[in-house]
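A.B. asks: Build me a model:
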Amino acid sequence: MSTTTELLKGAAELFPGEVVTQAHVRHFELPFNAGKFALITLDNGFDHTKPTTFGPASLANLNAAIDQVEKEAAAGEIVGVGITGKPFIFAVGADLKGVELLKRHEDALAIGKGGHAVFKRLSGLAVPTFAYYNGAAMGGGVEVGLHCTYRTVSKSVPAFSLPEVFLGLVPGWGGCALLPNLIGADKAVSVIIENSLNQNRQLKGRQVFELGIADALFEGADFLEQSLLWTARVLKGDLTVERPEIDRGEAWDQAVARGRFIADSKVHGAAPAAYRALDIIEGAKDGDLQKGFDAEDLALADLIMGGELRAGIYSFNLVQKRGKRPAGAPDKALARPVTKVGVVGAGLMASQLALLFLRRLEVPVVLTDIDQERVDKGVGYVHAEIDKLLGKGRIHQDKANRLKALVTGVLDKAEGFADADFIIEAVFEEMGVKQKVFAEVEAVAPAHAILATNTSSLSVSEMASKLKHPERVVGFHFFNPVAILPLLEIVRGEQTDDASLATAFAVAKKLKKTAVLVKDAPAFVVNRILTRFMGEIQNVIDEGTPVAVAEKAVEPLGLPMSPLVLLELVGPAIGLHVSETLNRAHPERFTVSPNLKAVVEAGKRGFYVYDSGKPELDPEVAALLKQGDTVLTEEQVRARVLDAVAEEIGLMLAEGVVAEAQDIDLCLITGAGWPFHLGGITPYLDREGVSERVNGKRFLEPGTASVPA
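C.D. replies: Numbers count the residues shown, from 1 in each chain. Presented below is the predicted three-dimensional model:
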């Protein structure tokens, strides 16, 4: 038994739940009399919804297939070896089921060594090897191809990435060492660091080719056939693959420095994965691949045994599993069909909603507002956005024409909403205004129509209380920008019935949003937590702590932006409004900052100016600030903020605002961009001991999103 086989057999015992990938070998004669060729196809059954992954047993199957082709290559029976995936899916990386349960560093080290041991064999065969990226490829799926001599990619590949840093790992089966030596350090930093830290940005097939990762690009319809024709030409010597020389001088160092700047700006040193990946890329400059592979093994093992990966897996499972099966959602069979949508309002938020409903549902959408100018502006916004999609090649002309024809604007609600099935309001955030709007809509809408509100903080129950049929009112709270942030807080009012709620969830699914059921409580989930978080930051500033100290205090959380930059994104006026709403509901915990009020009254859009290219406190804002003489340290500020957040989450769970702590984390990840490496917020509070200090208990079971004891 070979060392590789023994290694994989031992590792397989640690992954009892692995979805095993098979590796089938086929032989055929290449065109142009190029010779006999062996093709390894990876698949785990031809259910295209199940991605192909690599765990120890899967690697063992690939290893056995390589055993076979290695013998054939040594005997001169074949001229080359290819590897591809089942239709539409090449391979999406390591099977992470069970990784978070590993307790020994040596077990984690075996995972890295096992992948390297198998994949390296592809580059060591006596004949050239070819990877045919025919579908989605991520992580180990990308890396197995990097070990091959040549690569082709399909134009139809929808997603291609090395997402490990996003999850709290490094590309540990060759990615950090091989990719910069293939396409240069700067491009490799973009793929491994920049894309991962930008919410796991994916590459399309053409981008893979343009970066130089693949040597040839072919249409999806006959991708394998064209790849084999290309392979035959390469093997016959009729086509020579030329790659640019890699700059191993100052450009390499500058690329690594750029990567560190990106990591600092995104995670502020709070998450180690990006920095470990950059260390390996830096060390790969001399082209010593084995040294790089060894560094990957060690980094992988260290990170597997750390909390970041486990939190990353927890986050991933929340988004991919819990987010697709919302807790508490009613029977989907109760949902009513939606064939027309009405939008009350034609401002920016309403126009964004109209565009989203139009694109995802492809049904008639009608906007209303108080005058024709506003209506025309709203419809014009939607048309302009459709034109942008057309210009980028994301839709064709016929579809653009069809979508434009589906969106209209009217002044008369009776004319616009008489046959609408789903009507959402996005008007001024004031209870009296919203109640008036709903009364007008109810008078003209059909009896079955759902009335939805995009309120960010007001009571859905109170909003519906004066209607004849309050049971069809539901909260439908989107987050800005609507097209980007996935979260949709679906709020059940006191009288909302199951059919209305089921319809709301069905619409959310068609909108491709992550829907979370929340109780009708002030500010719901995200805004309530962020307001408590921001409120403590504002309190310490009001009391006398310098703005810079208050901002820097929470950097160890690795949040995507500082609190006051986030406030600028949300809008100080909106932040003030939500804090006032929560202050009325819970004055003992939520304050209204006089300094924030002064900033809003002065018409300032934020605390910072960017004249120097980086945020600096606006002198006009600084002149407005009235502070006390209590100055806290960064550590004191951080403790105070985290204690406040832990208290608020504990109260929310006790009130039943959501079903479980996991829903809090899902909301913050998908609605506020909270880092994957934190696992949302509750695992972080557990790991730091804040949960027990404040509430007397953890939010999650020990070992959840953290290293097992």
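A.B. asks: ranges for the helices of the stretch 451-600 of the chain?
C.D. replies: Using DSSP state H, counting those that start in this stretch, the helices of the stretch 451-600 of the chain run over 460-464, 498-510, 526-543, 547-553, 563-570, 572-585, 594-601.
A.B. asks: Please name whichever of those is nearest to residue 42.
C.D. replies: Among the helices of the stretch 451-600 of the chain, helix 498-510 comes nearest to residue 42, with 30.5 Å by C-beta to C-beta. All C-beta spots, glycine's among them, are computed from the backbone N, C-alpha and C.
A.B. asks: contacting residues around the closest one?
C.D. replies: 326, 329-336, 338, 360-361, 422, 450, 452, 471-474, 476, 488, 490, 492, 515, 517 (C-beta atoms under 8 Å, 6 or more residues apart in numbering).
A.B. asks: of the residues you listed, buried ones?
C.D. replies: Buried members of the contacts of helix 498-510, scored by 16 or more other C-beta atoms under 10 Å, are 326, 329-330, 335-336, 338, 361, 422, 450, 452, 471-474, 476, 488, 490, 492, 515, 517.
A.B. asks: just checking, what packs against the strand or helix carrying residue 195?
C.D. replies: Per DSSP states H and E, residue 195 falls inside helix 195-197. Applying 3 or more C-beta pairs under 8 Å, 6 or more residues apart in numbering; DSSP states H and E, one finds that helix 195-197 makes contact with helix 164-167, helix 250-267.
A.B. asks: Dump the ones you listed to CSV, plus mean pLDDT.
C.D. replies: Listed next are the helices and strands packed on helix 195-197 as CSV, based on pLDDT from 0 to 100:
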stretch, mean pLDDT
helix 164-167, 90
helix 250-267, 94
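A.B. asks: Columns mean neighbour count on top of those helices, output as CSV?
C.D. replies: Listed next are the helices and strands packed on helix 195-197 as CSV, based on neighbours: other C-beta atoms under 10 Å:
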stretch, mean neighbour count
helix 164-167, 29
helix 250-267, 17
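A.B. asks: export these to TSV and tack on distance to residue 578?
C.D. replies: Formatted as TSV, the helices and strands packed on helix 195-197 follow (distance: least, C-beta to C-beta, whole Å):
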stretch	distance to residue 578
helix 164-167	30
helix 250-267	26
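A.B. asks: Could I have the CA atoms of the strand or helix carrying residue 71 written out in CSV?
C.D. replies: Using DSSP H and E, the element containing residue 71 is helix 56-74. The C-alpha coordinates for helix 56-74 follow below in CSV (Å, rounded to 0.1, in the frame of the first residue of the first chain):
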residue,chain,number,x,y,z
PRO,A,56,-10.5,11.7,1.7
ALA,A,57,-12.6,9.0,0.0
SER,A,58,-13.0,11.1,-3.1
LEU,A,59,-9.3,11.8,-3.3
ALA,A,60,-8.7,8.1,-2.9
ASN,A,61,-10.9,7.4,-5.9
LEU,A,62,-9.0,10.0,-8.0
ASN,A,63,-5.7,8.5,-6.8
ALA,A,64,-6.8,5.1,-8.0
ALA,A,65,-7.7,6.5,-11.4
ILE,A,66,-4.2,8.2,-11.6
ASP,A,67,-2.7,4.8,-10.7
GLN,A,68,-4.3,3.4,-13.8
VAL,A,69,-3.3,6.2,-16.2
GLU,A,70,0.2,6.4,-14.7
LYS,A,71,0.8,2.8,-15.7
GLU,A,72,-0.6,3.3,-19.2
ALA,A,73,1.5,6.5,-19.6
ALA,A,74,4.7,4.7,-18.5
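A.B. asks: what's the angle from the helix or strand following it to helix 56-74?
C.D. replies: Using DSSP H and E, the helix or strand that follows helix 56-74 towards the C-terminus is strand 80-85. Strand 80-85 and helix 56-74 are oriented at 160 degrees to each other (axes from the mean of the first three to the mean of the last three C-alpha atoms, to 10 degrees).
A.B. asks: Which neighbouring elements make contact with the next helix-or-strand element following strand 80-85?
C.D. replies: Going down the chain from strand 80-85, the next helix or strand is strand 89-91, by DSSP H and E. Judged by 3+ C-beta pairs under 8 Å, 6+ apart, the packing partners of strand 89-91 are strand 136-138, helix 140-146.
A.B. asks: Contacts for the last one, please.
C.D. replies: By that I understand helix 140-146. Helix 140-146 is contacted by residues 52-54, 62, 83, 85, 90-94, 115, 119, 122, 131, 133, 137, 151, 160-162, 171, 173-175, 178-179, 182, 213 when judged by C-beta under 8 Å, 6+ apart.
A.B. asks: Give me the number of neighbouring residues for the residue found closest to residue 627 once you drop the neighbours it is linked to in the chain.
C.D. replies: Spatially, and ignoring its direct neighbours in sequence, residue 627 is nearest to residue 544 (4.8 Å; C-beta to C-beta, 6 or more residues apart in numbering). Using other C-beta atoms under 10 Å, residue 544 is surrounded by 12 other residues.
A.B. asks: repeat for the one 5 residues further on
C.D. replies: The tally of other residues near residue 549 (other C-beta under 10 Å) stands at 16.
A.B. asks: From residue 533, how far out is it?
C.D. replies: 16 Å (C-beta to C-beta, to the nearest Å).
A.B. asks: Ok, residue 396 next?
C.D. replies: Between residue 396 and residue 533 the distance is 45 Å, computed by C-beta to C-beta.
A.B. asks: do the same with residue 628
C.D. replies: Computed as C-beta to C-beta, the residue 628 to residue 533 distance reads 21 Å.
A.B. asks: Those two - which one has more neighbours?
C.D. replies: Shown here are residue 628 and residue 533; by other C-beta under 10 Å, residue 533 has more neighbours (23 against 11).
A.B. asks: residues touching the more buried one, list them.
C.D. replies: 563, 641, 644-645.
A.B. asks: can you confirm residue 27 is in a helix?
C.D. replies: No. Under DSSP: H, G, I helix; E, B strand; the rest coil, residue 27 falls outside any helix and is assigned strand.
A.B. asks: In the stretch 151-300 of the chain, what residue spans correspond to helices?
C.D. replies: Taking DSSP H, counting those that start in this stretch as the test, the helices found in the stretch 151-300 of the chain are 164-167, 175-183, 185-189, 195-197, 205-210, 223-236, 250-267, 273-283, 289-304.
A.B. asks: Tell me which other helices or strands the first one touches.
C.D. replies: Other helices and strands packing on helix 164-167, by 3+ C-beta pairs under 8 Å, 6+ apart, are helix 195-197, helix 273-283, helix 307-320.
A.B. asks: next one: the third one
C.D. replies: In terms of contacts (3+ C-beta pairs under 8 Å, 6+ apart), helix 185-189 is packed against helix 175-183, helix 250-267, helix 273-283.
A.B. asks: So which of the ones you listed is nearest residue 433?
C.D. replies: helix 250-267 (39.2 Å).
A.B. asks: How about residues contacting that closest one?
C.D. replies: Helix 250-267 is contacted from outside by 180, 184-186, 188-189, 192-194, 197, 269, 274-275, 277-278, 281-282, 285, 558, 560, 675, 677, using C-beta under 8 Å, 6+ apart.
A.B. asks: ditto for stretch 548-566
C.D. replies: 266-271, 530, 533-534, 537, 540-541, 547, 569, 606-608, 615, 617, 631-635, 637-638, 641, 673-675, 677-678, 684.
A.B. asks: and those, which are buried?
C.D. replies: For the contacts of stretch 548-566, a burial check counting by 16+ other C-beta under 10 Å picks out 266-268, 270-271, 530, 533-534, 537, 540-541, 547, 606-608, 615, 617, 632, 634, 637-638, 641, 673-675, 677-678, 684.
A.B. asks: where exactly do the strands run in the stretch 301-450 of the chain?
C.D. replies: 341-344, 365-368, 407-410, 422-425, 450-453 (DSSP state E, counting those that start in this stretch).
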